[in-house]
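Student: sequence first, then the predicted structure, then my questions.
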Amino acid sequence: MKLSELNAQFVGSGGEGITHNGQPVPYRHGIAVMMECPCRECDQLLCVPFSNPLDGGPPEEGWSKGWHREGDTIDTLTLQPSVQRMNPPELGGCRWHGFITNGEAVTC
């Protein structure tokens, strides 16, 4: 399924009015991708952080890991390794596992 069909978009952080310990947090672009879950059975959003954000900066602080990103548009996005969602159904999530390759989510 194409990421555009899942309403995928790049996520930023920080920016005007955002502070941490009283200090302004500069805007970051493309630190992750957020989309509707590819399982199409749950109503949760899936957010996948990048180890190499679009803005060329380091991974977002506080996230335990990020996926290696290739491509700089939703239509060309490829992530490594595979993405495995671990939200249990009783918490409103699913256990989708798949690959994001050339702008498509493919279930394993």
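Tutor: Received, thanks.

Student: report the separation between V33 and H20.
Tutor: Separation of V33 from H20 (C-beta to C-beta, to the nearest Å): 23 Å. Glycine gets a C-beta too; all of them are placed from N, C-alpha and C.

Student: ditto for I74
Tutor: With distances taken as C-beta to C-beta, I74 is found 29 Å from H20.

Student: quick one: which of the two has more around it?
Tutor: The neighbour count for I74 versus H20, taken as other C-beta atoms under 10 Å, is higher for I74 (17 against 10).

Student: contacts only, for the more buried one.
Tutor: L3, S4, A8, Q9, F10, V33, G103 (C-beta atoms under 8 Å, 6 or more residues apart in numbering).

Student: neighbours around the closest residue in space to R85 that isn't next to it in sequence, how many?
Tutor: Using C-beta to C-beta, 6 or more residues apart in numbering and skipping the chain neighbours, the partner closest in space to R85 is W96 (4.5 Å). By other C-beta under 10 Å, 21 other residues sit near W96.
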